[in-house]
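J.: Sequence and predicted model, in that order:
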Amino acid sequence: MKITNSLLASLLLTLPLLNSCTPKEDEKLPEPAASRVFVVNEGLFGSNSGTVSRFDPTAKTVTPDLFQSVNGTGRTLGDVVQNLAVAGGRGYVVVNNSNKIEAVSLPDFRSVGVVRGLHSPRYFLAVSATRGYVTQWGRDTSSVVRNNRRVPIAGVRAGIKIIDLATNAVTDSIATGPLPERLTLAGGRVFVANSGGNTLTVIDPATNRVTATVPVGDAPNSFALDKNARLWVLCGGQVQYSANNTGIDYATTTPGSLYSLDPGNPTAGATARTFASNRLVPTDLQINPIRDQLYFRAIDGFSYLGGVCRLGIADATLPDLSMPFITGLFYGLGIDPSTGVIYAGTGNFAADKFVRHRPDGTKIDEYGAGLGVNGFVFFE
């Protein structure tokens, strides 16, 4: 989700928020190439409180609700802002429970259209200058809500919707595995993580055809491409909930795993490792600027909160999920692609914030944000 683009030097209504620094606050950070950071705030489920904040890492100021500040008080993004992606000078804000994508112009974040005809959309990816893919879980016929998220448990028609970026119209569909989540371009192919199963769907974006289904661990959720052009796939393990939906059944929950494969030949030569414990769920895979260090969150499967773990691409063993690199109860994660500064957001859905850490894990500062900080997008 970290695609760089140009933004205005400043916007009206920028509101400075207080920040707190560690004792190393006198140390100068590397100058960021990203002049703006978009902070994705999911919002409280069942309301229209999803927002996108804008953070200026040089001025250290935050605009709490960029969309509303530009488009007027009568316009909100909607219910559960899941994802923000960028393509061709536009931002595409995926609003999960409002079943839409809000297209905005950049750098001003003004609304330029809405993609409708979606059901529980999740993540967006531009596959060309004229086409975009969005994963969706489909129309819910049976579901439960856990920690601000609607989780379908039956009757879901999942897949990808193809979007014409010139008209914001849905033009076609591609079938995938169950509950498709993040998707990425690597080796000229699109890889889709089917989080409701144990496969990746591989698509040729030139033809929109599925070319392979690659087996991986249970519940794949995110990707990272390293400096050797290897694609890493993080799998959370299949979380089984108790019969009364008040906890997790660890007797039947499977542990998470990490796969590495050649995107040019994804069906051969993959490596796989399984985490030692099923008590925490690895999710939200990120990578540092030189692409040799992986980061992810290790979360409780019921609250979706947890600390940040780190793994070198050459490390022989997986980290202990119960001993995170950065301790905390975080809901979102991002790595500045120019400085390697780690951004982690909270998900209390009351008074949330994002916290910045240096690559060595020491805290820099923190800032107030919207409700449920679930992701970050960095821009030049």
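T.: The structure has been received and is ready for your questions. Note that the coordinates shown come from a computational prediction; the quantities given were computed from them, not determined experimentally.
J.: CA only for contacts and neighbour counts going forward, please
T.: OK.
J.: and residue 297, that one's in a helix?
T.: No - judged by DSSP: H, G, I helix; E, B strand; the rest coil, residue 297 forms no part of a helix; its state is strand.
J.: quick one, what contacts it?
T.: If a contact means Cα atoms under 8 Å, 6 or more residues apart in numbering, then residue 297 has 281, 282, 283, 284, 285, 306, 307, 308, 309, 330, 333 as its contacts.
J.: List the contacts of the residue nearest to residue 345 when sequence neighbours are not counted.
T.: Closest residue to residue 345 apart from its sequence neighbours, by Cα to Cα, 6 or more residues apart in numbering: residue 354 at 4.1 Å. When the contact criterion is Cα under 8 Å, 6+ apart, the partners of residue 354 are 343, 344, 345, 346, 366, 367, 368, 369, 373.
J.: Buried residues of the helix or strand encompassing the fifth one, list them for me.
T.: Spelled out, that is residue 366. Under the criterion of DSSP states H and E, residue 366 resides in strand 363-368. Taking 16 or more other Cα atoms under 10 Å as the neighbour-count basis, strand 363-368 is seen to contain the buried residues 363, 364, 365, 366, 367, 368.
J.: in its sheet, what does it sit against?
T.: According to DSSP bridges, strand 363-368 has the following sheet partners: strand 353-357 (antiparallel).
J.: Alpha carbons of the strand it pairs with, in CSV - could you do that?
T.: Backbone C-alpha positions of strand 353-357 (Å, rounded to 0.1, in the frame of the first residue of the first chain) are rendered in CSV as follows:
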residue,chain,number,x,y,z
LYS,A,353,-3.2,7.3,18.0
PHE,A,354,-0.2,6.2,15.8
VAL,A,355,3.2,5.8,17.3
ARG,A,356,6.5,6.1,15.4
HIS,A,357,9.6,4.1,16.1
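J.: looking only at pLDDT, what's the mean for that strand?
T.: For strand 353-357, the mean per-residue pLDDT is 98.
J.: neighbours around the closest residue to residue 237 other than its chain neighbours, how many?
T.: Once its chain neighbours are removed from consideration, residue 237 has its nearest residue in residue 256; the separation is 4.0 Å (Cα to Cα, 6+ apart). Burial of residue 256 is recorded as 27 neighbouring residues (other Cα atoms under 10 Å).
J.: Now do the phi/psi pair for residue 256.
T.: Backbone torsions of residue 256, given as degrees, to the nearest 10, read phi -70, psi 170.
J.: Go ahead and confirm residue 168 touches residue 114.
T.: Yes - using Cα atoms under 8 Å, residue 168 is in contact with residue 114, at 6.5 Å.
J.: the more surrounded of the two?
T.: In this comparison of residue 168 against residue 114, neighbours counted by other Cα under 10 Å, the higher total goes to residue 168 at 20 against 16.
J.: can you tell me how far that one sits from residue 204?
T.: Counting by Cα to Cα, to the nearest Å, the separation of residue 168 from residue 204 is 21 Å.
J.: still on that earlier bit, export the contacts of residue 297 to JSON lines and append columns for neighbour count and pLDDT.
T.: What follows is those, written out as JSON lines (neighbours: other Cα atoms under 10 Å; pLDDT from 0 to 100):
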{"residue": "281", "neighbour count": "28", "pLDDT": "98"}
{"residue": "282", "neighbour count": "31", "pLDDT": "98"}
{"residue": "283", "neighbour count": "28", "pLDDT": "98"}
{"residue": "284", "neighbour count": "24", "pLDDT": "98"}
{"residue": "285", "neighbour count": "22", "pLDDT": "98"}
{"residue": "306", "neighbour count": "27", "pLDDT": "98"}
{"residue": "307", "neighbour count": "23", "pLDDT": "98"}
{"residue": "308", "neighbour count": "26", "pLDDT": "98"}
{"residue": "309", "neighbour count": "23", "pLDDT": "98"}
{"residue": "330", "neighbour count": "27", "pLDDT": "98"}
{"residue": "333", "neighbour count": "25", "pLDDT": "98"}
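J.: of all the residues you listed, which comes closest to residue 53?
T.: Using Cα to Cα, residue 333 is the member of the contacts of residue 297 that sits closest to residue 53, with 14.9 Å.
J.: who's the closest one bridged to?
T.: Assessed by DSSP bridges, residue 333 has beta-bridge partners residue 344.
J.: what residue ranges in the stretch 201-350 of the chain score low on pLDDT?
T.: Low-confidence segments of the stretch 201-350 of the chain, defined by pLDDT under 70, are absent; every residue clears the threshold.
J.: which strands and helices sit next to the helix or strand where residue 181 lies?
T.: Using DSSP H and E, residue 181 sits in strand 180-186. Secondary structure elements in contact with strand 180-186, counted by 3 or more Cα pairs under 8 Å, 6 or more residues apart in numbering; DSSP states H and E, are strand 121-126, strand 131-136, strand 189-194, strand 220-225.
J.: mean confidence for it?
T.: Averaging pLDDT along strand 180-186 yields 97.
J.: Indicate which one of the helices and strands packed on strand 180-186 is closest to residue 350.
T.: strand 121-126 (23.0 Å).
J.: Any idea how far that closest one is from the middle of the chain?
T.: 10 Å (Cα atoms, centre = their mean, to the nearest Å).
J.: What pairs with it, parallel or antiparallel?
T.: If you go by DSSP bridges, strand 121-126 pairs up with strand 131-136 (antiparallel).
J.: The partner strand: how far from the chain's middle?
T.: Using Cα atoms, centre = their mean, the offset of strand 131-136 from its chain centre is 14 Å.
J.: One more: stretch 191-208?
T.: The gap between where stretch 191-208 is centred and where its chain is centred comes out at 17 Å by Cα atoms, centre = their mean.
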